[in-house]
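S.K.: here are the coordinates; sequence isn't available:
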């Protein structure tokens, strides 16, 4: 666990965000859960940071649909959501208004 896990989580978050956005283009709404896009992301809904801990806690990325927007993030090294080490998908600031991602 460490920098490699964080880098892999970041890469996966970026891909999952693209898949969530593509799902909306195809279906007109964001998915209710990552399970709905799991077949498109080849099981990539598990967070490498949490999966490598092996302590039986939730190993999935955090996702929650909120109206026409959504939260998507990793709980980071501490495994606790909504703390300063959380990881979010990255994209150009100029693209921010094009996506439904909510970043806290």
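M.R.: That came through, no problem. The structure presented is a predicted model; accordingly, all values stated were derived computationally and were not measured.
S.K.: next one: phi and psi at residue 62?
M.R.: Note on residue 62: its backbone torsions stand at phi -80, psi 130 [degrees, to the nearest 10].
S.K.: which residues does the nearest residue to residue 29 once chain neighbours are set aside contact?
M.R.: The shortest distance from residue 29 to any residue that is not its chain neighbour, by CB to CB, 6 or more residues apart in numbering, is 7.7 Å, and that residue is residue 68. C-betas here are computed from N, CA, C, even on glycine. By CB atoms under 8 Å, 6 or more residues apart in numbering, the contact set of residue 68 is 29, 30, 100.
S.K.: confidence score at residue 68?
M.R.: The confidence metric pLDDT takes the value 94 at residue 68.
S.K.: And it, how far from residue 99?
M.R.: Here the criterion is CB to CB, to the nearest Å. By it, residue 68 lies 11 Å from residue 99.
S.K.: could you measure the nearest residue to residue 103 once chain neighbours are set aside against residue 26, distance?
M.R.: Across the structure, with CB to CB, 6+ apart as the measure, the residue nearest residue 103 apart from its sequence neighbours is residue 88 (5.1 Å). Computed with CB to CB, the distance linking residue 88 and residue 26 is 23 Å.
S.K.: what's the single longest helix in this protein?
M.R.: Longest among the helix segments of the chain by residue count, using DSSP state H, is helix 3-27.
S.K.: and that helix, what does it pack onto?
M.R.: In terms of contacts (3 or more CB pairs under 8 Å, 6 or more residues apart in numbering; DSSP states H and E), helix 3-27 is packed against helix 48-51, strand 69-73.
S.K.: Dump the ones you listed into CSV; add distance to residue 38 as well.
M.R.: Converted to CSV, the helices and strands packed on helix 3-27 look like this (distance: least, CB to CB, whole Å):
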stretch, distance to residue 38
helix 48-51, 15
strand 69-73, 14
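S.K.: so which of those comes closest to residue 37?
M.R.: Proximity of these to residue 37 was assessed by CB to CB; the nearest stretch is strand 69-73, lying at 10.9 Å.
S.K.: what's the angle from that closest one to helix 3-27?
M.R.: Our comparison of strand 69-73 with helix 3-27, counting by axes from the mean of the first three to the mean of the last three CA atoms, to 10 degrees, yields an angle of 160 degrees.
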